[in-house]
Structures are given as C-alpha cells and as structure tokens.
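Student: one predicted model, sequence on top.
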Amino acid sequence: MCDSTEADNDLDLEEIRVDALPGRGSHVCIEVRSKSLLLCNVSGTYYAVANQCPHLGFPLAGGRQVGNQLICQRHGASFDLRTGIPVSGPTFKKLETFPVKQLGEKICIGFPVDQVVK
C-alpha cells in the first residue's frame, strides 16, 4: 500500500507491481486502472506517461528513449518524459504524465482524486 503525505492529498496513489523495473534509459509498458502506461527510468528516476502519442494515438511502447526524451516510432515526435512537453513535432500536444513516488522497492503512481472512479 502506498502511504499518502500531505503533498499527495490531491492524488490517489496506486501501488504497481513490475516484474522487472526498467534499467536506466529504458521503459516498460504497464496496465494500471485500465490505462496503458509507460514506466520510464531517466537516470535512476522513474516517470510514468500515457502509452499513447497525442499526435495520432499510436502506442509509444517500442519508441526510442534518449536521455529524458521518448521518441514516437511512428512519426518521430519527441517528448520530455519529466513534463510531457513535446520537444519536436509533428505534434504540439502535451503527453499525459502521472506522478511517480518510489518507496524503497515499491512504485506508486498518482491519479488525480477528481478523476478517480471508485
């Protein structure tokens, strides 16, 4: 179970199980709350993003991760994994991101409380 802090009050934290956490510079595709996400390792820090390019909706799994950027294999759009902001086109739409909290061996992903369906 992920313990919330005061800073997490606006988030509903979901502990995820990953057989093998991605090594530095790589990512794994995971399903959390019926959403396909990528858990990405950028220099030892984990980030979670939607596994869907905002350009035309193609999966980002299998895209190339270079430093803190993920490059869509379909059309070459590049996104900053820390913020979701596009670095290069063809899209200018932001990639959906989710807060990640690492507690020892546990990884917790945050979902906005106002978007949680229980």
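Tutor: It's in.

Student: show me where this protein has its strands.
Tutor: Remark: strands assigned in the chain by DSSP state E are 11-16, 27-32, 35-42, 45-50, 64-66, 69-71, 78-80, 86-88, 97-98, 100-103, 106-112.

Student: what is the first one packed up against?
Tutor: Put plainly, it is strand 11-16. Counting contacts by 3 or more C-beta pairs under 8 Å, 6 or more residues apart in numbering; DSSP states H and E, strand 11-16 is packed against strand 27-32, strand 106-112. Using the backbone N, CA and C atoms, a C-beta is placed for each residue, glycine as well.

Student: can you list the buried residues in the shortest one?
Tutor: Residues of strand 27-32 classed as buried by neighbour count (16 or more other C-beta atoms under 10 Å): H27, V28, I30, V32.

Student: pull the contacting residues for G63.
Tutor: Counting by C-beta atoms under 8 Å, 6 or more residues apart in numbering, G63 makes contact with L70, I71, C72, Q73.

Student: could I have the buried ones of the residues you listed as ChimeraX selection syntax?
Tutor: Per 16+ other C-beta under 10 Å, the buried members of the contacts of G63 correspond to this ChimeraX selection:
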select :70,71,72
